[in-house]
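[1] task: produce atomic coordinates for the following.
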Amino acid sequence: MHRRLTAALAMLSFLMLALAGSAMAAPPSPGKDINKATAEEFTTVKGIGEKTASKIIAERAANGPFKSLEDMQERVKGVGEKTIERFRAAGWTAITGPVKTPPARPDPAPEKAKTGK
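    Residues are numbered from 1 along each chain as shown. Below you'll find the predicted structure:
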């Protein structure tokens, strides 16, 4: 009886360590960014062929990055609601990067009051 309990506890410990190790092995990969994807990457989405992938890339090159998946839908003929849902389900996003703003200018030093002596 004692041997069975020890063996069961050892097996349970092993399984817990194995599961914990696999969970920590690699973080989940983030989705693809529609503003950086290649035509080959676009064609991995069901419903996107080479022609539509080329249209997406041409629109992005001509008019700048997409603000969202919906922005891509509005700007690219042939990309409809179902296609956007497929992008979303696969974890695709539209990352446009941080907005760069110029540094704030320091307030100019107040002028010293002139005294008329």
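[2] pLDDT below threshold where in this structure?
    1-2, 5-30, 97-117 (pLDDT under 70).
[3] that one: strands as residue ranges?
    Counting by DSSP state E, the chain forms no strands at all.
[4] what segments of this structure are helices?
    Under the criterion DSSP state H, the chain contains helices at 2-25, 39-42, 50-63, 69-75, 81-89.
[5] could I get the fourth one in CSV with only the CA atoms?
    Taking only C-alpha atoms (Å, rounded to 0.1, in the frame of the first residue of the first chain), the coordinates of helix 69-75 have been written out as CSV:
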residue,chain,number,x,y,z
LEU,A,69,-8.7,45.9,-39.2
GLU,A,70,-11.8,47.8,-40.0
ASP,A,71,-9.7,50.5,-41.7
MET,A,72,-8.2,47.9,-43.9
GLN,A,73,-11.7,46.6,-44.7
GLU,A,74,-12.8,50.1,-45.8
ARG,A,75,-9.7,50.8,-47.8
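[6] which elements pack onto it?
    The helices and strands touching helix 69-75, judged by 3 or more C-beta pairs under 8 Å, 6 or more residues apart in numbering; DSSP states H and E, are helix 50-63, helix 81-89. Every C-beta, even on glycine, is put in place using the N, C-alpha and C of the backbone.
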